[in-house]
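K.L.:
I'll drop the sequence and a predicted model, then ask my questions.
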Amino acid sequence: MRIVTVPEAQTPPELRAAAEALREQAWPGGGPHDPALRPVAMLLVAPDGGVRAALDILSKEITHGGRAYRASGLSAVVTDTAHRGKGHGRQLVAAAREVIAASGADVGLFTCDRPLRPFYESAGWQALPGAVLIGGTPQDPFPSDQPGFDKVTMGAFFTARAQRDAAAFEQSRIGLYPGETDRLW
């Protein structure tokens with residue numbers, strides 16, 4: 001297995017088609033990400049060329065507690081239903097954490113369904129107690145604690161400054177505001 005990491009717009013057509021087919025398994029009708037979020041595709045590719053797992057990394061500057069941070073997070077994480085339970089997703093999610101750390105991001109932030117928390121923790125992410133991501137836009141917010149959602153906010157703190165400020169992200173509302181296309185990142 002090899003991991004391919006490439007800006008979304010530069011993904012080779014055959015890999016893009018395979019990744020889109022995987023995403024349709026989990027999120028029918030989803031589309032490409034907002035280019036303003038600098039989407040990067042990460043694909044776990046088998047020797048036969050098949051894509052076993054895929055995810056995207058989205059990035060932007062955020063302000064939290066009056067301080068600016070370079071933030072990145074995971075989006076559209078999926079493993080082919082025919083290949084689940086083999087560690088492919090965990091391998092890709094752990095690799096994404098390392099890619100984000102190496103990118104110069106201060107923090108990694110995203111939400112997941114509550115039952116997936118142990119999966120993400122096993123790949124090196126940590127739950128941020130009481131943290132709520134606010135997606136959408138400031139004029140049309142889309143919070144991760146809205147009725148009907150059962151989300152947990154996951155994070156990682158990569159730079160020394162972010163590590164010192166980590167406690168400020170717990171028990172807080174974090175204005176991510178990725179826009180209308182990627183409502184909650």
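P.N.:
Great, that's in hand. Numbering: from 1, shown residues only.
K.L.:
ok, and what's touching the lowest-mean-pLDDT helix or strand in the chain?
P.N.:
Among the helical and strand segments of the chain, the one scoring lowest on mean pLDDT, DSSP states H and E is helix 13-26, with a mean of 90. By CB atoms under 8 Å, 6 or more residues apart in numbering, the surrounding residues in contact with helix 13-26 are 4, 11, 30, 41, 43, 45, 49-51, 53-54, 76, 78-81. All C-beta atoms are positioned from the backbone trio N, CA, C, and that covers glycine.
K.L.:
equivalent analysis for stretch 75-91, please.
P.N.:
Contacting residues not belonging to stretch 75-91 are listed as 1, 3, 22-23, 25-27, 30, 33, 39, 44, 50-58, 92-93, 110, 112, 119, 122-123, 182, 185 [CB under 8 Å, 6+ apart].
K.L.:
quick one: which of those sit in strands?
P.N.:
With DSSP state E as the criterion, strands contain 3, 44, 51-58, 110, 112 from among the contacts of stretch 75-91.
K.L.:
now that we have these, which of them are buried?
P.N.:
Neighbour counting by 16 or more other CB atoms under 10 Å classes 44, 51-58, 110, 112 among the ones in strands among the contacts of stretch 75-91 as buried.
K.L.:
residue furthest from the geometric center of this structure?
P.N.:
Centroid-distance maximum for the chain: residue 48 at 26.5 Å, with CA atoms, centre = their mean.
K.L.:
can you count the residues close to residue 138?
P.N.:
The burial metric for residue 138, expressed as a neighbour count using other CB atoms under 10 Å, is 8.
K.L.:
ok, it to residue 146 distance?
P.N.:
Plainly put, residue 138 is 16 Å away from residue 146 if you go by CB to CB, to the nearest Å.
K.L.:
tell me the bridge partners for the residue positioned nearest the centre of the chain.
P.N.:
In the chain, the residue lying closest to the centroid (CA atoms, centre = their mean) is residue 74, at 0.7 Å. Assessed by DSSP bridges, residue 74 has beta-bridge partners residue 57.
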